[in-house]
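Undergrad: how would this look folded up:
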Amino acid sequence: MRSSLMTETLKVKLDNGAYLPERAHDTDAGADLRTRFLFTLKPGEQVNIHTGVHVELPPYTAGFVMAKSGLYLKHGITTTGLIDEGFTNEIVVGLHNHGDKPVTFQPGMKIAQLVVLPVVYTEFVHADSIEGGERGDSGYGSTGLF
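TA: Coordinates of the predicted model:
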């Protein structure tokens, strides 16, 4: 990696047959998560894929499991997930096929990406009113559809 990048060490434990998360490029935000198993995801189907990857997130961070843009754009496959700082169990990726064709995954294929981001741990307090910014309470679509 380039020495000018801000980096943090992330401990990763791998179950048998699991793949270490890795970035294709130094400046990629997400590290690819891969499947250990052969499976076919049918149209409209959702499956949970056990990656065999366990991470020890740095303090004040969370892991976000994000869809691979190519899987979404080419096949309609989505995923999302949140890994809290203290969670060290296996990362399980829930994949959903919104497309109209089955997609077969071979062991070692990329299925999602892990993005580690800083978190602000807020304390929630009840309030009778809140102040908005410039947008105020304008709802979804208030700036126009396109």
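
Undergrad: which residues of the chain fall in strands?
TA: Listed in chain order, the strands of the chain (DSSP state E) span 11-14, 31-34, 39-41, 46-50, 53-56, 61-66, 77-78, 80-83, 92-97, 103-105, 110-118.

Undergrad: I'd like to know which of those is closest to residue 20.
TA: Nearest to residue 20 among these is strand 11-14; the distance by C-beta to C-beta comes to 6.0 Å. Glycine gets a C-beta too; all of them are placed from N, C-alpha and C.

Undergrad: helices and strands around that closest one, which ones?
TA: Using 3 or more C-beta pairs under 8 Å, 6 or more residues apart in numbering; DSSP states H and E as the contact criterion, the secondary-structure elements in contact with strand 11-14 are strand 53-56.

Undergrad: helices and strands around the strand it packs on, which ones?
TA: The criterion is 3+ C-beta pairs under 8 Å, 6+ apart, and the helices and strands that strand 53-56 contacts are strand 11-14.

Undergrad: what residues does the strand it packs on touch?
TA: Contacts of strand 11-14 with the rest of the structure, by C-beta atoms under 8 Å, 6 or more residues apart in numbering, involve 20-21, 52-56, 88.

Undergrad: can you redo the residues you listed as CSV with pLDDT, distance to residue 117 and neighbour count?
TA: Written out in CSV, the entries for the contacts of strand 11-14 read as follows (pLDDT from 0 to 100; distance: C-beta to C-beta, whole Å; neighbours: other C-beta atoms under 10 Å):
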residue, pLDDT, distance to residue 117, neighbour count
20, 98, 20, 11
21, 98, 15, 22
52, 98, 23, 20
53, 98, 18, 22
54, 98, 19, 16
55, 98, 13, 21
56, 97, 16, 13
88, 96, 18, 13
